[in-house]
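Undergrad: Sharing a model that was predicted from the sequence below.
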Amino acid sequence: MGLVNELAVPDITVIYPVLGEPVRGAAGFKQLLAHFHAACPDVEISVEESICEEDRVALCWRVSGTHRGELSGIRPTGKALGWTGITIYRLVDGRVVEERGEEAAVGLVRQLGRDA
């Protein structure tokens, strides 16, 4: 959570389709991260590729973890989860003002035993 304070502006905007609505503000973003970490406490995130240009950083990433807590209304399944995505960060004065991403949410939902 300390990295959010260090790397993001207090009024950061976080946008992913799976969220429905954008998350606004560092406090809301930290709450989202805490919820996700509680759902997958062994989460591992790896960056597979990065591109930096002017005020933008783009990352292709892979996430894996075990579903041990409630996640988006889905009770723990104990299943191993894994999915990929792309995130674009917009920076001002070296800090993130916007995080916008796309993830393989359909695959994640199927891994959780739900229809997409």
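TA: That came through, no problem.

Undergrad: can we go C-alpha only for contacts and neighbour counts from here?
TA: Fine.

Undergrad: The helix or strand bottoming out on mean pLDDT in the chain: which residues count as buried?
TA: Across the helices and strands of the chain, the lowest-confidence element by mean pLDDT, DSSP states H and E is helix 105-111, at a mean of 75. Using 16 or more other Cα atoms under 10 Å as the test for burial, helix 105-111 gives 105, 107-108, 111.

Undergrad: from the residues you listed, which is closest to Arg68?
TA: Gln111 (13.4 Å; Cα to Cα).

Undergrad: can you pull the pLDDT of the closest residue in space to that closest one that isn't next to it in sequence?
TA: Closest residue in space to Gln111, ignoring its immediate chain neighbours: Leu81 at 6.5 Å, by Cα to Cα, 6 or more residues apart in numbering. Per-residue confidence at Leu81 stands at 91 (pLDDT).

Undergrad: counting contacts, what elements does the helix or strand harbouring Leu81 pack onto?
TA: Using DSSP states H and E, Leu81 sits within strand 80-92. For strand 80-92, the packing partners by 3 or more Cα pairs under 8 Å, 6 or more residues apart in numbering; DSSP states H and E come out as strand 56-66, strand 95-103, helix 105-111.

Undergrad: neighbouring contacts of that strand?
TA: Contact partners of strand 80-92, identified using Cα atoms under 8 Å, 6 or more residues apart in numbering, comprise 55-67, 96-105, 107-108, 111-112.

Undergrad: same check, this time on stretch 53-66
TA: 39-52, 78-92.
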